[in-house]
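Here is a sequence together with a model predicted from it:
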Amino acid sequence: GAVRQTENRCTAVGSFQLLIWEALDRQSIPLVLHNVPMTYPPLKLTNGVCISGLGSPGEDVSCLTSPNWVGAELKHEVPGYVTDLSTIQGSFTRDNLVTDVMKMAESRIRAVRWLFDRVAWSIFFMVFTAPDRLEHEFWKFHDPTHPGHKDHGWERYCTCVPALYRKLDAFLGEILARLDKKDTLLVISDHGFGPLEKEFYVNRWLKETGLLIIKPDSPLARGKSGPGSLVESVDWTRTQIYCMGHLGELFLNLKGREPAGIIDPGDEAESVLRQVERRLKELVDPVDGKPLCDWVRRGADLFHGERSFEAPDLLFCMQGYRIKGYMTGRGFEFQDRSRPLISPVVPGGRSGEHREEGIALASGNLADELVPGRQRISDLGCRIARLFGVDTNNHTARQAKKNTPVNGKRNVYTTEEEEILRERLRSLGYLE
């Protein structure tokens with residue numbers, strides 16, 4: 001989720017919820033967690049192996065694995081193993097990114113092959129982030145409907161996305177060949193992908209409507225952007241609502257939740273939300289005059305659970321996410337005020353963005369039980385757990401996790417590791 005005025009780091013020790021692999025591990029079911037996000041520090045499983053994924057600092061695999069022998073052997077079996085890549089604009093050339101993504105995918109494949117043969121397991125979770133990293137940057141060269149499809153370099157790069165999928169598809173066939181008929185294989189994406197053509201500068205729009213106030217002598221008021229410039233520049237004593245995220249997430253500056261909240265829960269909050277909803281629905285495309293927003297939704301209707309109060313209060317989607325309404329990195333939209341509120345993506349910027357609809361494929365004797373039709377991704381984990389007789393909603397188990405003491409601080413990163421992680425998260429759009 002979006003990191004707000006005070007950062008909440010998502011780590012393996014930061015969740016109070018009982019996660020599916022924790023529920024399975026409590027039943028001593030042999031597991032492998034390979035490159036699963038937010039599993040750093042590496043989870044110490046009763047009967048399994050963990051190689052941490054997104055959220056891990058650095059590339060020293062000896063620090064990313066549990067048990068310790070896994071890291072030592074992985075270094076030997078897969079030299080140059082890559083956890084993730086930085087895609088901050090200007091930190092790579094297109095040629096280098098294609099090469100590095102392919103290397104990352106190959107290192108992941110080699111690690112899975114080794115784990116298949118080295119470790120006994122009943123459930124194997126593996127995550128491939130390579131398609132996401134490539135499609136953000138190269139979608140336009142792959143998609144003939146994108147306005148920038150034939151931009152400079154398209155002949156060179158139009159085949160790189162299909163080439164990656166062919167590589168992963170061949171590996172999928174390899175995995176299927178290794179499995180018995182009684183085994184089940186699930187292929188799940190956490191989102192889909194599609195073209196990104198324009199940007200909508202939400203915080204600048206909120207400023208123009210008077211709902212977000214910039215301090216007169218702040219960095220953004222002086223046209224200077226940089227890490228933390230938005231949080232530092234906003235006058236939180238007068239701001240009613242703000243965007244912090246990269247897919248239309250809006251947060252009330254709510255009393256009792258925000259560090260300097262001014263909006264009372266109840267009637268005042270409802271009034272601000274209604275005003276913003278109305279104004280979003282009134283926005284029209286300057287080209288054809290059609291409404292920009294496909295939908296505007298309340299967070300209370302979408303998010304549930306004990307931490308749902310931290311979720312966005314409003315979300316919106318513009319033209320199937322072809323227009324991205326977001327907080328730009330480091331307050332860029334305030335630095336270059338010559339750009340209209342709705343502008344084409346900056347040259348060299350991303351040309352692909354997430355979509356709500358992903359995929360869920362299954363093969364094996366449990367396929368129909370796991371994927372009987374159209375699915376919500378949140379349902380699949382519970383269904384997998386139930387097949388092993390595990391109830392992830394078990395109140396006693398969840399309470400036991402909450403009552404388990406955490407050794408040391410919940411901030412598990414050194415200063416150097418934090419900066420590495422910040423840069424990675426900025427490159428993915430999760431941090432300002």
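Yep, that arrived.

can you give me the strands in the stretch 1-150 of the chain?
Ranges of strands in the stretch 1-150 of the chain, per DSSP state E, counting those that start in this stretch, are 31-36, 48-52, 65-66, 123-126.

Now do residue 266: how many residues are near it, please.
Using other CB atoms under 10 Å, residue 266 has 8 neighbouring residues. All C-beta spots, glycine's among them, are computed from the backbone N, C-alpha and C.

Same question for residue 85.
Residue 85 is flanked by 21 other residues according to other CB under 10 Å.

My guess is it contacts residue 97. True?
Yes. With contact defined as CB atoms under 8 Å, residue 85 counts as touching residue 97 (7.4 Å).

what's the overlap in contacts for the two?
Common neighbours of residue 85 and residue 97 (criterion: CB atoms under 8 Å, 6 or more residues apart in numbering): residue 133.

can I get the strands of the stretch 1-150 of the chain in CSV with mean neighbour count, distance to residue 113 and mean pLDDT?
Below are these laid out as CSV (neighbours: other CB atoms under 10 Å; distance: least, CB to CB, whole Å; pLDDT from 0 to 100):
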stretch, mean neighbour count, distance to residue 113, mean pLDDT
strand 31-36, 23, 11, 96
strand 48-52, 26, 13, 95
strand 65-66, 21, 16, 94
strand 123-126, 19, 11, 95
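
Among these, which comes closest to residue 103?
Among the strands of the stretch 1-150 of the chain, strand 31-36 comes nearest to residue 103, with 14.5 Å by CB to CB.

now what about that closest one, what contacts it?
Strand 31-36 is contacted from outside by 21, 24-25, 39, 43, 45, 47-54, 83, 108, 111-112, 115, 119, 121-129, using CB under 8 Å, 6+ apart.

Confirm residue 251 sits in a strand?
Yes. Residue 251 sits within a strand when classified using DSSP: H, G, I helix; E, B strand; the rest coil.

Bridge partners for it, pull those for me.
Beta-bridge pairing of residue 251 under DSSP bridges involves residue 242.

and it, how far is that from residue 240?
Separation of residue 251 from residue 240 (CB to CB, to the nearest Å): 10 Å.

Now residue 224: which helix or strand?
Of the helices and strands defined by DSSP states H and E, none includes residue 224.

residues contacting it?
Residues near residue 224 by CB under 8 Å, 6+ apart: residue 335.

what's the neighbour count on residue 377?
As a burial measure, residue 377 scores 12 neighbours (other CB under 10 Å).

Just read off the phi/psi values of it.
Main-chain torsions, residue 377, degrees, to the nearest 10: phi -60, psi -30.

Contacts only, for it.
188, 190, 358, 360.

Can you tell me how far the first one is from residue 204?
Counting by CB to CB, the gap from residue 188 to residue 204 is 37 Å.

between these two, which one's more packed in?
residue 204 (23 against 16).

quick one: the more buried one is in a strand?
No. Per three-state DSSP, residue 204 lies outside any strand segment and is helix.

Does it touch residue 341 like I think?
Yes. Using CB under 8 Å, residue 204 is in contact with residue 341, at 6.2 Å.

how deep is residue 280 tucked in, by neighbour count?
Around residue 280 there are 22 residues (other CB under 10 Å).

before we move on, what about the one 10 residues further on?
Taking other CB under 10 Å as the criterion, the count of residues near residue 290 is 8.

That one against residue 283, yeah?
No. Here residue 290 does not reach residue 283: they are 10.2 Å apart, not a contact under CB under 8 Å.
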